[in-house]
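Peer 1: okay, predicted coordinates and the sequence, questions at the end:
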There are 2 protein chains.
Amino acid sequence: MRETEPGIREFEGDLIAGVDIGGTNTAVGIVGEDGRLLSRSAFPTTDHVTAAGFVRHLANTIRQLVGGLPPPARLCGVGMAAPAANWRTGTVESPANLRWGTVNLVSMARGEFGLPVAITNDANAALLGEMTYGVARGLSNAILITLGTGLGAGIAVDGAIVQGENGAAGEFGHMNMELHGRQCGCGQRGCAEAYVSATGLKRTAFALLAERLEESELRQTSFAALTADRVSALARTGDVIALSALEVTGRYLGRLMANLAAAFDPEAIILGGGLVGAGDLLLEPARSAFRESALKRYTATVRILVSPSNEGQMAILGASRCARQTGVAAEAS
Amino acid sequence: MRETEPGIREFEGDLIAGVDIGGTNTAVGIVGEDGRLLSRSAFPTTDHVTAAGFVRHLANTIRQLVGGLPPPARLCGVGMAAPAANWRTGTVESPANLRWGTVNLVSMARGEFGLPVAITNDANAALLGEMTYGVARGLSNAILITLGTGLGAGIAVDGAIVQGENGAAGEFGHMNMELHGRQCGCGQRGCAEAYVSATGLKRTAFALLAERLEESELRQTSFAALTADRVSALARTGDVIALSALEVTGRYLGRLMANLAAAFDPEAIILGGGLVGAGDLLLEPARSAFRESALKRYTATVRILVSPSNEGQMAILGASRCARQTGVAAEAS
């Protein structure tokens, strides 16, 4: 062990498994102390009807991966990332398509491995990954927003992830942006997620189809069949409604970032997730709304960074990083 | 010195001066290690046309207060609180009615005292005071909002004040609440401060006078002459417009608190400042809008606390607490 920064010690010469648990697939990687991804594998999360079965299969997968590495290969911790994971309690709520309910994956995995195990939500893991190995390397105060089906977020203050009192900080998707706005899955109206997400983009496209008269390929598609990728692809061909939908979505994103800058005074806001694939058609209006809405002190200092697509590698690396920090913190206490 | 909590050491048997620098008056107190305010004094900030003159007078005031205490009375640090103070740099922007410009009060006061000196903004100081000695005693994750002429705020995460990368975190007053909303002094529109503050209450009262037809004593008052206290007093007599103005203001406050709960997942939100004197006429609609707007997980856990009026004592105590933490951190580094 060696001291790297106040309060955080590193394992030396040892391996950590990083696990990214998604609603459909689970990606597993073995990470060296330098942050190199030494080997990786994946399996369908949905193969497992019980959390216990899932953890057993995960353990076998990790053991096989470690067994395949040249000796000395010693596993000394497991870090997991999942949506709705709670770092403080170790629990995770299973995705809607699974039926695990709320399970304590940390205690189950600890029983299986006899090693330090930690879990954090996927956005926190991605932020840890970006801050340690990615576009936010070296930053201490940063916010990450992932724009997928929903809006996920992670916050770092002075180098540490902000968990909140009950592990529920960073729910920016449920900050109100419109007083009498769109219904949100949470039961409220006007939540950021109802505008700034892949689903939000779809809803905005349909609102524009209702409001405006221009021709658009989107008029041939049902709401159920439409995807955010399709909107982006049509925008690239010059479809006016698709372009406007991305612009409106980007402007909401910019306003949200301005509010977060005022709350946290970060060095950077990092944008990731599938929707960011729309590129400047989304990001230019976002940057411009940010410049218009934020106090000058923030527009002068806050950088807007885009997380490169890396097929989920950052979540694996970040999950392993979370285990390194948490595992040793627990050991030291 | 003794260790009280990770990373924070305490002076023992020694005194700290806590200074609350306002645009009009400066309050000074000598605080014992147990947080008792042993003696206090005040002088007009506006007596001093230069920051250097202010610091000299402050130093004399502190020396007199310490000299008046029974021996052994040893001053070992000075903590200051001021609006727009930056903990990271030690600078403060003088209020509009003074002409000091941006000055580094910390380095000036260090030169004068030869002791550890720290400065933080007034809301951070009030939060530190409340968490150490007041209504938020024992809490680690808390937000304080002061409702005066403007909206000030402090944030604590895991026991530490969130300063932000450039000392500008917690500018909740400039989070956008209405897309095409009221002009704000910052140059933007729709900022929280334009609704949730003493000035916001006045503006809401005038908007209601324009919108509605009910009789109201407020129809006899000019905008320039109206105060938030007058609105509250009229509301207590049953004035319908005054009551509605407090209700509208309270509901904006509730929505703001819901957004902050989603961002920070705090244990409590503490409300202070002159406007809170309106009591339940403001706080009931705030609580009810909070319950309606926030995710259930937060309405179940976040307590809304009111800071008792204590004539600025909390800012003095919090400023002294800031010096205890910062002074020793600097010493240890």
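Peer 2: Received the coordinates, thanks.

Peer 1: could you measure from the most centrally placed residue in chain A over to A:Arg182?
Peer 2: Central residue of chain A (C-alpha atoms, centre = their mean): A:Ala123, 2.7 Å from the mean position. Noted for A:Ala123: a distance of 22 Å to A:Arg182, by C-beta to C-beta, to the nearest Å. Glycine gets a C-beta too; all of them are placed from N, C-alpha and C.

Peer 1: can you check A:Val66 too?
Peer 2: Taking C-beta to C-beta as the criterion, A:Val66 is separated from A:Arg182 by 47 Å.

Peer 1: tell me which element A:Gly111 is part of?
Peer 2: For A:Gly111, the host element (DSSP states H and E) is helix A:105-113.

Peer 1: enumerate the residues of the stretch 101-250 of chain A near chain B.
Peer 2: Proximity of the stretch 101-250 of chain A to chain B, by C-beta under 8 Å from any C-beta of the partner chain, involves residues A:140-141, A:155, A:157-158, A:160, A:162-172, A:174-176, A:178-179, A:186-188.

Peer 1: next one, pLDDT for A:Glu311 please.
Peer 2: pLDDT, A:Glu311: 67.

Peer 1: helix/strand/coil for A:Ile145?
Peer 2: Following DSSP: H, G, I helix; E, B strand; the rest coil, the label given to A:Ile145 is strand.

Peer 1: ditto for A:Ala42
Peer 2: Going by three-state DSSP: A:Ala42 is strand.

Peer 1: test my guess that it contacts A:Val28.
Peer 2: Yes: at 6.7 Å, A:Ala42 and A:Val28 qualify as touching, with contact defined as C-beta atoms under 8 Å.

Peer 1: more neighbours: which of the two?
Peer 2: Between A:Ala42 and A:Val28, counted using other C-beta atoms under 10 Å in any protein chain shown, the more crowded position is A:Val28 (23 against 15).

Peer 1: next, the more buried one: secondary structure please.
Peer 2: For A:Val28, the assignment made with three-state DSSP gives strand.

Peer 1: give me every residue that touches it.
Peer 2: A:17-20, A:40-43, A:58, A:61-62, A:65, A:316 (C-beta atoms under 8 Å, 6 or more residues apart in numbering or on different chains).

Peer 1: weed out the non-buried ones from those residues.
Peer 2: Buried members of these, counted by 16 or more other C-beta atoms under 10 Å in any protein chain shown: A:17-20, A:40, A:43, A:58, A:61-62, A:65, A:316.

Peer 1: give me phi/psi at the residue in chain A sticking out farthest from the centre?
Peer 2: Most distant from the centre of chain A: A:Leu213, at 36.7 Å, with distances by C-alpha atoms, centre = their mean. Main-chain torsions, A:Leu213, degrees, to the nearest 10: phi -110, psi -10.

Peer 1: helix or strand: which one has A:Ala156?
Peer 2: strand A:151-157.

Peer 1: rewinding a little: hmm, which two among the contacts of A:Val28 are most spread apart?
Peer 2: Greatest spacing in these, by C-beta to C-beta: A:Gly18 and A:Phe43 (14.8 Å).

Peer 1: ok, now which ones touch whatever residue of the stretch 201-333 of chain A ends up closest to chain B?
Peer 2: Nearest to chain B, among the residues of the stretch 201-333 of chain A, is A:Asp265, at 2.4 Å (C-beta to the nearest C-beta). Listed by C-beta under 8 Å, 6+ apart, the contact partners of A:Asp265 are A:141, A:298, A:301, B:163-171.

Peer 1: what values do phi and psi take at it?
Peer 2: Dihedral angles (degrees, to the nearest 10) for A:Asp265: phi 50, psi 60.

Peer 1: can you give me the pLDDT of it?
Peer 2: Per-residue confidence (pLDDT) for A:Asp265: 97.

Peer 1: please name the nearest non-neighbouring residue to it.
Peer 2: Nearest residue to A:Asp265, sequence neighbours excluded (C-beta to C-beta, 6 or more residues apart in numbering or on different chains): B:Gly164, at 2.4 Å.

Peer 1: can you check A:Pro83 too?
Peer 2: A:Asp122 (5.5 Å).

Peer 1: buried residues, stretch A:167-184. List them.
Peer 2: Under 16+ other C-beta under 10 Å, the buried positions of stretch A:167-184 are A:167-177, A:182, A:184.

Peer 1: what's the farthest-apart pair in the residues you listed?
Peer 2: A:Gly167 and A:Arg182 (27.1 Å).

Peer 1: follow-up on the earlier one: any idea how far the residue of the stretch 201-333 of chain A closest to chain B lies from A:Leu271?
Peer 2: A:Asp265 is 18 Å from A:Leu271, where distance means C-beta to C-beta.

Peer 1: can you name the next helix or strand after the helix or strand harbouring A:Leu208?
Peer 2: With secondary structure defined by DSSP H and E, A:Leu208 is part of helix A:198-211. Remark: after helix A:198-211, the chain's next helix or strand is helix A:228-236, criterion DSSP H and E.

Peer 1: now do the helix or strand that that next one is followed by: distance to the chain's middle.
Peer 2: Downstream of helix A:228-236, the first helix or strand assigned by DSSP H and E is helix A:240-264. Averaging C-alpha positions (C-alpha atoms, centre = their mean, to the nearest Å) puts helix A:240-264 18 Å from its chain's average.

Peer 1: any residue of the helix or strand following helix A:240-264 touching chain B?
Peer 2: Per DSSP H and E, the first helix or strand lying C-terminal to helix A:240-264 is strand A:268-272. No: shown here: strand A:268-272 not in contact with chain B (C-beta under 8 Å from any C-beta), separated by at least 8.9 Å.

Peer 1: run through the stretch 1-150 of chain A and note the low-pLDDT ranges.
Peer 2: A:1-13 (pLDDT under 70).

Peer 1: all strands for it, in order.
Peer 2: For the stretch 1-150 of chain A, the strands defined by DSSP state E, counting those that start in this stretch occupy A:2-5, A:8-10, A:15-21, A:25-31, A:37-44, A:75-82, A:91-93, A:102-104, A:117-121, A:142-147.

Peer 1: kindly calculate the angle that the third one makes with strand A:75-82.
Peer 2: Comparing the axes of strand A:15-21 and strand A:75-82 via axes from the mean of the first three to the mean of the last three C-alpha atoms, to 10 degrees yields an angle of 20 degrees.
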